[in-house]
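A.B. asks: need a structure here:
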Amino acid sequence: MKTIVLLTHGNWGSSLIDDVKKHFGTKDELLSYSLNADTDHELLTQQIRQELVGKDNLIFISDLHGSTTYKISIRLGLALNGKAYTDLSLRLLLDVMSDSDEAHENIIDTFNQFKMEESTMEEIKFARVDHRLIHGQVITKWMKLVQANKIVIVDDTLGKDPFMADIYAMAAPAGVSVEIIDTQEIVKRLSGGQYRGDQLFLLFKNVSAVEKAVNNGLKLQQLQLGGVPYEQGRTKVISAVSLLKEEVDFLEALNNSGTEVIAQIVPEESSMSFGEIKKNFR
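C.D. replies: All right, here's what the predicted structure looks like:
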């Protein structure tokens, strides 16, 4: 017996299951999970994972290629050793139930192939958004924890100002070099192996710089929000971090793609998950 899990925006997955049971019957276990406008994606993923632990022959079907449900199905498939398909339809569901020979694409295989081909960028040990960039708090606290040997400020304008470049270089602790490079060059250097053997501390002046770098191909395991100042139109989500709606939307997409997004000002404070960040954004 298979356990087939439908992940859909809204409740139409459960309606489809009701119709299949009524008109076709099934020996498989059919489950449905809904993603609504106010759903915390991380909590939903954790809930599904906990409820499915121990089940064999798991198959996930998401409703839309490239969507949040698609990404969640891949994460669950990888975590629970299942298969995943997308673009849910009655035909696809019936084929999966009947073990049809129809060649439907297992998106887990596609994802694994992509992961093999992409740069891991393992040199990045820490990535932080802080409008102050190099300052006492970063140097004395986070640098001790990260133990990086190179600070790389990723910004499209600062590198063009040699005076500021010298200021930031002088602010770094002894033995730590500083570079200021743009959002395209950082990807080229990482992909080209230029930082092989280094332990990098990436600093971004704002969320916009992160978005540009990510759009250029930068891969981050984690992004820490440490200093985004309040100004008109922004909403405070933690003492020193205020965000715009478009920034929250980008960070949500980044978090759902596999980059853990957190907010944390200093090490002695607890970090705030993206789910909490979104909840505080009102």
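A.B. asks: who's in contact with residue 72?
C.D. replies: With contact set as Cβ atoms under 8 Å, 6 or more residues apart in numbering, residue 72 has these partners: 7, 35, 41, 44, 45, 48, 62, 256. C-beta here means a position set from N, CA and C on the backbone, and glycine is covered the same way.
A.B. asks: could you redo the last one with a cut-off of 10 Å?
C.D. replies: Shown in contact with residue 72 (Cβ atoms under 10 Å, 6 or more residues apart in numbering): 7, 33, 35, 41-42, 44-45, 48-49, 60, 62, 84, 256.
A.B. asks: quick check on the residues you listed: which are buried?
C.D. replies: Among the contacts of residue 72, those that count as buried by neighbour count (16 or more other Cβ atoms under 10 Å) are 7, 33, 35, 41, 42, 44, 45, 48, 60, 62, 84, 256.
A.B. asks: who's in contact with the third one?
C.D. replies: Residue 35 makes contact with 7-10, 13, 41, 44, 62-63, 67-69, 72 under the criterion Cβ under 10 Å, 6+ apart.
A.B. asks: again with the fifth one
C.D. replies: If you count contacts by Cβ under 10 Å, 6+ apart, residue 42 has them with 72, 255, 256, 260, 261, 273, 274, 275, 276, 278.
A.B. asks: hang on, the fifth one in a helix?
C.D. replies: No. Judged by DSSP: H, G, I helix; E, B strand; the rest coil, residue 261 forms no part of a helix; its state is strand.
A.B. asks: surely it is in contact with residue 237?
C.D. replies: No. Distance between residue 261 and residue 237: 11.2 Å, which falls outside the contact criterion (Cβ atoms under 10 Å).
A.B. asks: the more surrounded of these two?
C.D. replies: Per other Cβ atoms under 10 Å, whichever of residue 261 and residue 237 has more neighbours is residue 261, with 26 against 22.
A.B. asks: where does the prediction get shaky in the stretch 1-150 of the chain?
C.D. replies: 101, 113-120 (pLDDT under 70).
A.B. asks: can you pull out the strands in it?
C.D. replies: Counting by DSSP state E, counting those that start in this stretch, the stretch 1-150 of the chain has strands at residues 3-9, 29-35, 58-62, 83-85, 124-130, 150-154.
A.B. asks: save those strands as CSV, and put in distance to residue 229 too.
C.D. replies: Conversion of these to CSV gives the following (distance: least, Cβ to Cβ, whole Å):
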stretch, distance to residue 229
strand 3-9, 35
strand 29-35, 33
strand 58-62, 38
strand 83-85, 41
strand 124-130, 10
strand 150-154, 17
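A.B. asks: closest one to residue 190 among these?
C.D. replies: strand 124-130 (7.5 Å; Cβ to Cβ).
A.B. asks: so what secondary structure elements neighbour that closest one?
C.D. replies: The contact analysis (3 or more Cβ pairs under 10 Å, 6 or more residues apart in numbering; DSSP states H and E) places strand 124-130 against helix 143-146, strand 150-154, strand 200-204, helix 207-215, strand 222-227.
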